[in-house]
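A.B. asks: prediction below, plus the sequence it came from.
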Amino acid sequence: MTTKKTLQLKSNDGYYFPLFNLNGLRSSITPFFGGDLKLDQHHYALEPTTEVDLYSNIFSRNVIFKINDQQYFLNGQSSIQQNDELIYETDLLYQRVTRTNSLIKLDTTSYIPVDADIELHEIRVTNQSDAPFQLDITTAIPIYGRSADNLRDHRHVTSLLNQTEVVDHGIFVQPTLSFDERGHQINDTVYSVFAESNDLKIKGYITVLDDFINGGSLHFPKGLDALSPVGTKINGYEAIGAIAFHEVTVLPFQSITLYVSIGIHQSKKSAFKDHKKYLSHETFSKGLELTSKFFLNYIKGLSFNFHDLDTNKQLSWVVLQPMLRRYFGNSFLPHHDYGHGGRGWRDLWQDLLSLIMMNDDSVIDLLYDNFQGVRIDGSNATIIGDQPGEFKADRNLITRVWSDHGAWPLLTTKMYLDETGNIDFLLKKQAYFMDQFTHYTKKTRAKTTQNLQLTAKQEIYQGTILEHLLLQNLVGHHNIGKHGFVRLEDADWNDGLDMAHQHGETIAFTHMYANNLREIAKLIKKLNVNEIEVFKEMNSLLTLTPDLNDYFDRVAQFSGDVVKISSEALVKILFELAENRINKLHQDAFDQDRFQSYFDNEGINPDTQETIALTGQTMALLSKTATNQQASLVASTVRNMLFDQSLGGYKLNTNYQKLLTNMGRAYGFAYGHKENGAVFAHMAVMYAYGLYQYDLVSYGHEAIVSLLKRAQNPKSKVLHGIPEYFNDRGIGMYPYLTGSASWLLKLLRTEIFGIQFDLGVLTLKPKLKTEDFINGQASITTYLFNKLRKVTYHNPKNLDFGFYKISKILIKGNEIDNHIKNIDDDIEVYLDEIL
């Protein structure tokens, strides 16, 4: 399996690469050694960076090479290095940069080891000339050592907290306090830079940034001789990890190797241990091998032989993207420069889709823990912390309701139930989230002492997982506006639709809530129980037209009393609720061969005959609420109005030519950017999924291949995988951390390769097109019944979808039925023409 990418860079195209380990150390790094290194929002070793900082790399990782009194920089930012040849290599999960000119070659490999809280760099400088030169080396790594909040808030004052100490081969910075909006806390975090070389001896150390600059700048430092010995302690200044080595003579084509590490630790002892462990050729190489092996083993859990080799290589990185998102959240890469860490509610459930596919042992615990984020009024916490059961109202202490949030947990839970057959999970009991917010967060009460819902007797209440699902979907379904569709509230999946909270409606997610009630009803029918226990206040939601405000009043003074409802009666009312709403969607939301998507804050449909939003079409197809005829009409209409292959496929909406202040901030963005008309991968992939569900495979295939191929195009500037969106120039934006990766993997596995489970029973229903086969074969390696198995489809007659059927399925040469409950080896599937 090839995952390496090598580029020859002639300019700074904004590339960056993520490095991390499961301990929580996270970094972004560029070919010019920009980017940052952190544990979380409040613990940055290197200065926090955003997109624009990708072009200002000097206040980050650097090493100065003084050769015959001329300075060369590791980051290449000196004027004499602008014509260097630059080769950029990235793989699982390291970066290698080779910078060459007529005098020197700088070959640098960087990674984060799996078992240490340090970022490592092996730097090899080679004399490329035919004459010897004199070389001295000084590391030049400013140590930020504080919260990202202090980038502008008390930047100088927080430097007064710094206590800097020179130790053998390293420099420690340990601020006395953590000084931010949380209050003044004793700091126990140590930031450090270490360096080691068998070819060099240390001359001295510079710990104070002012001394290093000495009237110059980081581009032209004048203080390289202001050296201090081991044991030096200086407090109250901006710090730098500058370690200077004695001058050496380097012969023609001779190489000098230097090892540098940057760390974040809870004690100097643990920092010493990690740094010393890896600063040699043997340990550095072994650590790199272990790191690469770890990530390679992970992506082996889902792999493809599909379409062409470039696509298979790309998909290996897509497999890794949900893991990157799980550990980076939405706050810790240059484009993702918002929030304070943690993932959103929607992210949480959609990221679990990939974990289920990867047979992750933690899935059932994560799934169970996540339900504790549901409030008893049907709303939920919107930010999830790093610890199990850690929930918050919002990342910025501004509580909002996203109208789609209640819809996603069922989709993920159903996938888990189908893959495992563990339907009794629905009867497992879990607590509810409780804070000061009630009435769908519209009212408040006194802050609670604990974040768990209490009964009238002040006891922690627990209800079944099924009850949680019923609650969120019933409240979401009934929370309708004057037109009879789900209220938009503060936004749906598109956070940019945040200016229609009074009268806005999301027809798009009305589809999903209606379908969810159908799906819950089907699950209840398969449960081996005659009665379902729910809290008594839920009874008022099991009618066609409940009074939600009355319900909110009741649960604000939650009793904790329970009642039992006949399973048969519950199934009947859920089906009735769903069918009534679906009929309304057919009658009142379908016109001009497409579905309406929204009502704005004036209660007006913002779309005309010339405009359309993809979201309404996607959710209708994804939820299977459209008729077959409607789906076909939608596919044709949407392609005519929104498809642009040169930009990656389906745009999110047409150009409204005006600022829609009654919809949201998204329409303040320039058209073709982000949520205003970009090719937004998340919605485009879900739309393709919906097309496949209706067997509109040619449309769906074109959608997904266009997106993949655009990301492969060098002009998209996408290093690996797929981005969040493509802008109006076809450039991929917000790389690595996109929920569309999970959806793309689910689409490939479930619909294209036809790995379809129903409560533990596997049926193969491939929807591969002719061009998806390589030499007559297409295969997927994936977990089936908890074991990694390969499913290979053989298409010797080169038949297209719609013209073939499965003629036989073989395991170890023995034919089996296409109703599979267990397997003990790989599967060979043979396709033949339909007679």
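C.D. replies: Happy to help now that I have it. Just so you know, these numbers come straight off a predicted model, no measurement behind them.
A.B. asks: okay, CA-based contacts and neighbour counts for the rest of this
C.D. replies: Will do.
A.B. asks: how about His468, phi and psi?
C.D. replies: phi -60, psi -40 (degrees, to the nearest 10).
A.B. asks: I'd like to know how many residues surround it.
C.D. replies: 28 (other C-alpha atoms under 10 Å).
A.B. asks: that one touches Val374, doesn't it?
C.D. replies: Yes: His468 is within contact range of Val374, at 7.1 Å (criterion: C-alpha atoms under 8 Å).
A.B. asks: show me the contacts for Val685.
C.D. replies: Ala703, Ile704, Ser740, Trp743, Leu744, Leu747 (C-alpha atoms under 8 Å, 6 or more residues apart in numbering).
A.B. asks: point out where the stretch 1-150 of the chain drops to low pLDDT.
C.D. replies: Where the stretch 1-150 of the chain drops to pLDDT under 70, the residues are 1.
A.B. asks: what does the chain give?
C.D. replies: Using pLDDT under 70, the flagged stretches of the chain are 1, 180-183, 342, 383-398.
A.B. asks: could you chop it up by domain?
C.D. replies: According to automatic domain parsing, the chain comprises the domains 5-292, 303-338+739-835, 362-588, 595-736.
A.B. asks: pull the distance from the shortest one to the chain's centre.
C.D. replies: Put plainly, it is domain 303-338+739-835. For domain 303-338+739-835, the separation from the chain centroid amounts to 22 Å (computed by C-alpha atoms, centre = their mean, to the nearest Å).
A.B. asks: contacting residues for Phe65?
C.D. replies: By C-alpha under 8 Å, 6+ apart, the neighbours of Phe65 are Gln71, Tyr72, Phe73, Leu74, Leu135, Asp136, Ile137, Thr138.
A.B. asks: partner strands of the host helix or strand of His121 and their direction?
C.D. replies: If you go by DSSP states H and E, His121 is part of strand 118-127. Strand 118-127 has its sheet partners listed here by DSSP bridges as strand 104-111 (antiparallel), strand 255-265 (antiparallel).
A.B. asks: beta partners for the residue lying closest to Lys808 once chain neighbours are set aside?
C.D. replies: Excluding its sequence neighbours, the residue lying closest to Lys808 (C-alpha to C-alpha, 6 or more residues apart in numbering) is Tyr830, at 5.5 Å. For Tyr830, the beta-bridge partners under DSSP bridges are His794, Lys808.
A.B. asks: can you pull the contacts of Tyr830?
C.D. replies: Contacts of Tyr830 by C-alpha under 8 Å, 6+ apart are Tyr793, His794, Asn795, Ile806, Ser807, Lys808, Ile809.
A.B. asks: widest-spaced pair of the residues you listed?
C.D. replies: Longest distance between any two of these is 12.8 Å, between Asn795 and Ile809; criterion C-alpha to C-alpha.
A.B. asks: higher neighbour count, these two?
C.D. replies: Asn795 (23 against 20).
A.B. asks: buried stuff in stretch 288-295?
C.D. replies: Neighbour counts over stretch 288-295 (16 or more other C-alpha atoms under 10 Å) mark Leu288, Thr291, Ser292, Phe295 as buried.
A.B. asks: let's have those in TSV, adding secondary structure.
C.D. replies: Converted to TSV, these look like this (DSSP: H, G, I helix; E, B strand; the rest coil):
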residue	secondary structure
Leu288	helix
Thr291	helix
Ser292	helix
Phe295	helix
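A.B. asks: what is the most widely separated pair among these?
C.D. replies: Applying C-alpha to C-alpha across the buried residues of stretch 288-295, the maximum distance is between Leu288 and Phe295, 11.0 Å.
A.B. asks: and the longest helix for this structure?
C.D. replies: Looking across the chain with DSSP state H, the single longest helix is helix 567-588.
A.B. asks: figure out how far that helix is from the centre of its chain.
C.D. replies: That offset, for helix 567-588, works out to 35 Å (C-alpha atoms, centre = their mean).
A.B. asks: any buried residues in it, and which?
C.D. replies: Buried, per 16+ other C-alpha under 10 Å, within helix 567-588: 567, 570-571, 573-579, 581-582, 585.
A.B. asks: and stretch 303-320, by the same measure?
C.D. replies: In stretch 303-320, counting by 16+ other C-alpha under 10 Å, buried: 303-307, 311-320.
A.B. asks: got the residue ranges for the helices in the stretch 601-750 of the chain?
C.D. replies: Secondary structure of the stretch 601-750 of the chain (DSSP state H, counting those that start in this stretch): helices at 614-622, 628-642, 681-693, 697-712, 740-746.
A.B. asks: can I get the ones you listed in JSON lines with distance to Asn814?
C.D. replies: JSON lines is the format used below for the helices of the stretch 601-750 of the chain (distance: least, C-alpha to C-alpha, whole Å):
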{"stretch": "helix 614-622", "distance to Asn814": "36"}
{"stretch": "helix 628-642", "distance to Asn814": "38"}
{"stretch": "helix 681-693", "distance to Asn814": "31"}
{"stretch": "helix 697-712", "distance to Asn814": "31"}
{"stretch": "helix 740-746", "distance to Asn814": "29"}
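A.B. asks: of these, which approaches Asn12 most closely?
C.D. replies: helix 697-712 (18.3 Å).
A.B. asks: what sits up against that closest one?
C.D. replies: Against helix 697-712 from outside (C-alpha under 8 Å, 6+ apart): 310-311, 314, 635, 645-650, 681, 684-685, 687-692, 716-718, 721-723, 730, 732, 767, 769, 801.
A.B. asks: swap the cut-off to 6 Å and go again
C.D. replies: Here helix 697-712 makes contact (C-alpha atoms under 6 Å, 6 or more residues apart in numbering) with Gln645, Gly648, Gly649, Ala688, Leu691, Tyr692, Val718, Ile722.
A.B. asks: list just the nearest of these to Lys66.
C.D. replies: For the contacts of helix 697-712, the residue nearest Lys66 by C-alpha to C-alpha is Val718; the value is 34.9 Å.
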